[in-house]
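Chemist: Generate a structure from the sequence data that follows.
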Amino acid sequence: MSTHSPLPPEIAPGSLDEATASRLETLIEEEEGAQNRFTGILGLGAVAIALAMSLFHLWAAWDIVPTTTLRFVHVGFALAIGFTLFPISRRFRHRLMPWDWALAAAGIYVIWYLISGGDDLQDRAIFPEPMDIVVGWMLVAMVLEVARRATGPVMPVVAICFLLYGFFGDWLPAPWQHQGYDSERMIPHLAIGLDGIFGTAVDVSATLIILFTMYGAILQASGAGKFFVDFSFAATGGKAASAGRTVVLSSFLLGGPSGSGVATTVTLGTVAWPMMKKVGYRPDDAGGLLAAGGLGAIISPPVLGAAAFLIAEYLNIGYLEVIKMAIIPTILYYASLLFMVELDQRRLAASGNAVPDDALQVEPIPVMLRKYGFHFSSLIAIIVFMVMGYSPTMSVLYAMGVAVLLSFVRPEQALWPRKLIGALAAGAVQSVGIAATCASAGIIVGVITLTGLGLKFSDIAIQAAGGSLVITAIYTALIVWVVGLAVPVTASYIICAVVAAPALIKLGVPDYAAHMFVFYYAVLSEVSPPTALSPFAAAAITGAGPYRTTFQAWKYTLPAFVMPFVFVTDPQGVALLLQFRGDMGWGDVAWQFMLAVIGLGTLAIACQGFFRYALAAWERWTLAVAGVLMMFPALLEAMLPGLVPYPHLVGMALAVGLLSLQWRPSARTA
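Modeler: The predicted structure is shown next:
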């Protein structure tokens, strides 16, 4: 019995050639860790442990479980499954080695020690007993090892660097210096209290993320993913020339419930790449668009990525409020992608590479909705339950029930017990990497809070920017982007929410805008090497070079990532988050939305270098400036204060003037 397949269910054996499937599996394992696939008794045991984790969290969602117990058990399951299903190295795959047994047992012992210690253990955290420190060190080491096995070596290395900073910070020069801490102070703070490993990130992982992961696994097992892809092809005309539009629409439908960039990219790539190739897309262009579509999965309601649940927790707001703030940015992101693919289609047609609009074999939309439209029900149910006042935890729990019950509408997609058990077990296994990332990030956050690094860093950033909000925002974006080069989205957000966001908040940016700004730039790590898993996976499918594909993904996503600056540098920009300051109203929302749409369209033309005809280099650069002026007018105001009174209007006039030149007779030959 196979416990897990790194490839999404939609790409079942046969939909990819064996060599490509093998490359994809190897690539994903390099980023997420090789995984054991046991058979026989070991396979049944692995499924049983994963199922026990799912059932425990379902019960915890329904009933009341003490906070410490829930967090401890969640990490305990992650340790047990991590050491069982993720080998110490690739050459030990599909074998449960003696050290794996020992580490899994040690993980269970550590969690038992923490739970049985109860309030007495928490009370003596400041003056720990020797065994408390030993157990704490064991926990720290095992969390880092599971993170290495499940997500790769980068996250543990970053956490170790922060640990070294905590222990030896007294050796550093000002302003980075602190008093330095020994094991008696550092280890209990990280491993016993709720400020380190068992902090906010693990709490969100244990209460929300794992439930949404199980929900996504249930949807996939019931065939929802295939329906979303087929529906997208039918909705965009069912023709090969619509392949780019199909990628955009289906990435939203698939990404909404999955919240996984790489899963969306791989699922779409196996279906869409043959058609994209047929209409003239180069392998690297197609891979870049597929990766950009996968990136949208992390910012698309109702699930978004794991980091979105953390936003709600850090800001102490309802998750429905986070979804509301994400609505317009998500629309704008996909509008930007649509602009890019429409320009692609024009460019391909102008080059003579496009082929006739051959119709594809897809069922008409009414027939498809009549057969499989019930898959939309559980997505709608999540929002409906939250609007009715249910918590996100109960909403996703009920939505899972809706998805399971409605799967019996189609006998071939019914979630009978065996299939349901497999889905729940798969959801638990998929959550191990997230749990390990959150626990490792807890070590980093614990060091930051203990040493006061977050406050120091904010002061350093503001001083370096000379107190300018615009420059501070640019520094913050660069910091988040650099952190995202090393760690995944969730970890990048956690670190920068503690380190970088306070600098923006100190300069008067609303906390929700600062955190959404950090979140959107943390998402860039999905297309940033060396953790650029989505572009690398797309490159494996299309056969293009991975780094060339990554640069193409940047090209497709670049226009949309100017947008977060509107949140923090323009007092009216929070209208894009559906938030209001002072006497703002819906007219401000419409105005900001219109500026953003026109600005994104202008930036898309600049990135593609094509409108009606190819653009000269000076036209592209000037259009890029015009797009930035419309979306980010504060940049010009900061550079040339008072010289240009209405930058957004200047940008609009500049764009109209330049694009009108495309109708001059000489434009075509130029």
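Chemist: Leu332 touches Leu595, doesn't it?
Modeler: No: the pair Leu332 / Leu595 is not scored as a contact, 10.6 Å apart, by Cβ atoms under 8 Å. C-beta: built from backbone N, CA, C; applies to glycine.
Chemist: What is the burial count for His94?
Modeler: Counted with other Cβ atoms under 10 Å, residues neighbouring His94 total 12.
Chemist: State whether it is indeed within a helix.
Modeler: No: assigned with DSSP: H, G, I helix; E, B strand; the rest coil, His94 falls outside any helix and is coil.
Chemist: In contact with it: list those residues for me.
Modeler: Contact analysis of His94 by Cβ atoms under 8 Å, 6 or more residues apart in numbering lists 36-38.
Chemist: repeat for Thr393
Modeler: So Thr393 contacts 61, 207-208, 211 (Cβ under 8 Å, 6+ apart).
Chemist: and what of Leu450?
Modeler: By Cβ under 8 Å, 6+ apart, the contact list for Leu450 reads 166, 181, 185-186, 189, 195.
Chemist: pLDDT score for it?
Modeler: On the pLDDT scale, Leu450 is placed at 87.
Chemist: so it is in which element?
Modeler: helix 417-451 (DSSP states H and E).
Chemist: picking up where we left off before, check the contacts of His94 against Pro417 and report the nearest one.
Modeler: If you rank those by distance to Pro417 using Cβ to Cβ, Phe38 comes first, at 20.8 Å.
Chemist: Would you confirm that that closest one contacts Ala46?
Modeler: Yes: between Phe38 and Ala46 there is a contact at 5.3 Å, judged by Cβ under 8 Å.
Chemist: what about those two, which has more around it?
Modeler: Ala46 (24 against 19).
Chemist: Now for that one: which residues touch it?
Modeler: Ala46 sits next to 3, 36, 38, 81, 84-85, 425 when contact means Cβ under 8 Å, 6+ apart.
Chemist: biggest separation within these, which pair?
Modeler: Between any two of those, the greatest separation by Cβ to Cβ is 13.7 Å, found for Asn36 and Ala425.
Chemist: out of the two, which sits in the more crowded spot?
Modeler: Set side by side, Asn36 and Ala425 show more neighbours around Ala425, with 25 against 19, by other Cβ under 10 Å.
Chemist: Verify the stated contact: the more buried one with Ser54.
Modeler: Yes: using Cβ under 8 Å, Ala425 makes contact with Ser54 at a distance of 6.7 Å.
Chemist: Would you mind listing the residues in contact with Val409?
Modeler: Phe374.
Chemist: residues of stretch 92-107 that come out buried?
Modeler: Neighbour counts over stretch 92-107 (16 or more other Cβ atoms under 10 Å) mark 96, 100, 103-104, 106-107 as buried.
Chemist: Correction: the previous question concerned stretch 162-170.
Modeler: Within stretch 162-170, the residues that count as buried by 16+ other Cβ under 10 Å are 162-163, 165-167, 169.
Chemist: Between these, which sits nearest Ala540?
Modeler: For the buried residues of stretch 162-170, the minimum distance to Ala540 (Cβ to Cβ) is 33.0 Å, reached by Phe162.
Chemist: gap between that closest one and Gly442?
Modeler: Phe162 sits 11 Å away from Gly442 when distances are taken as Cβ to Cβ, to the nearest Å.
Chemist: For the closest residue to Gly433 other than its chain neighbours, pull up the helix or strand it's in.
Modeler: Ranked by Cβ to Cβ, 6 or more residues apart in numbering and with sequence neighbours excluded, the top spatial neighbour of Gly433 is Ala150, at 4.2 Å. Using DSSP H and E, Ala150 sits in helix 130-151.
Chemist: Tell me the helix or strand right after that helix.
Modeler: Heading C-terminal from helix 130-151 (DSSP H and E), you reach helix 154-168.
Chemist: Give me the helices and strands touching the helix or strand following that following helix, please.
Modeler: Heading C-terminal from helix 154-168, the first helix or strand you meet, by DSSP H and E, is helix 183-191. Using 3 or more Cβ pairs under 8 Å, 6 or more residues apart in numbering; DSSP states H and E, the elements in contact with helix 183-191 are helix 130-151, helix 154-168, helix 417-451.
Chemist: and the last one, how far from the chain's centre?
Modeler: Once both centres are worked out by Cα atoms, centre = their mean, to the nearest Å, helix 417-451 turns out to sit 14 Å from its chain's centre.
Chemist: which parts of that helix are buried?
Modeler: So, applying 16+ other Cβ under 10 Å, buried residues of helix 417-451: 419-451.
Chemist: likewise the first one?
Modeler: By neighbour count on 16+ other Cβ under 10 Å, the buried set for helix 130-151 is 132-133, 135-136, 138-140, 142-151.
Chemist: just stretch 377-392 next, same as before
Modeler: 378-379, 381-382, 385-386, 390-392.
Chemist: And stretch 316-327, by the same measure?
Modeler: By 16+ other Cβ under 10 Å, the buried positions in stretch 316-327 come out as 317, 319-323, 325-326.
Chemist: Need the residues that contact that stretch.
Modeler: Under the criterion Cβ under 8 Å, 6+ apart, residues 208, 299-302, 304, 308-309, 311-312, 383, 386-387, 392, 512, 516, 577-579 lie in contact with stretch 316-327.
Chemist: Which of the helices or strands spans Met53?
Modeler: Here Met53 sits within helix 40-62, counting by DSSP H and E.
Chemist: so for that helix, what's the average pLDDT?
Modeler: Helix 40-62 shows a mean pLDDT of 90.
Chemist: any idea of the angle it forms with helix 417-451?
Modeler: Going by axes from the mean of the first three to the mean of the last three Cα atoms, to 10 degrees, helix 40-62 is angled at 70 degrees with respect to helix 417-451.
Chemist: Can you show me the CA trace of helix 40-62 as PDB?
Modeler: Extracted in PDB, the C-alpha atoms of helix 40-62 (Å, rounded to 0.1, in the frame of the first residue of the first chain):
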ATOM      1  CA  GLY A  40       2.500  -4.700   3.700                       C
ATOM      2  CA  ILE A  41       2.500  -4.300   7.500                       C
ATOM      3  CA  LEU A  42       4.700  -1.200   7.400                       C
ATOM      4  CA  GLY A  43       2.400   0.500   4.800                       C
ATOM      5  CA  LEU A  44      -0.600  -0.300   7.000                       C
ATOM      6  CA  GLY A  45       1.200   1.100  10.000                       C
ATOM      7  CA  ALA A  46       2.100   4.300   8.200                       C
ATOM      8  CA  VAL A  47      -1.400   4.800   7.100                       C
ATOM      9  CA  ALA A  48      -2.700   4.100  10.600                       C
ATOM     10  CA  ILE A  49      -0.400   6.700  12.200                       C
ATOM     11  CA  ALA A  50      -1.300   9.300   9.600                       C
ATOM     12  CA  LEU A  51      -5.000   8.500  10.000                       C
ATOM     13  CA  ALA A  52      -4.700   8.800  13.800                       C
ATOM     14  CA  MET A  53      -3.300  12.300  13.300                       C
ATOM     15  CA  SER A  54      -6.200  13.300  11.000                       C
ATOM     16  CA  LEU A  55      -8.800  11.900  13.400                       C
ATOM     17  CA  PHE A  56      -7.200  13.600  16.400                       C
ATOM     18  CA  HIS A  57      -7.400  17.000  14.700                       C
ATOM     19  CA  LEU A  58     -10.900  16.400  13.500                       C
ATOM     20  CA  TRP A  59     -11.900  15.600  17.100                       C
ATOM     21  CA  ALA A  60      -9.900  18.600  18.400                       C
ATOM     22  CA  ALA A  61     -11.900  20.800  15.900                       C
ATOM     23  CA  TRP A  62     -15.200  19.400  17.200                       C
END
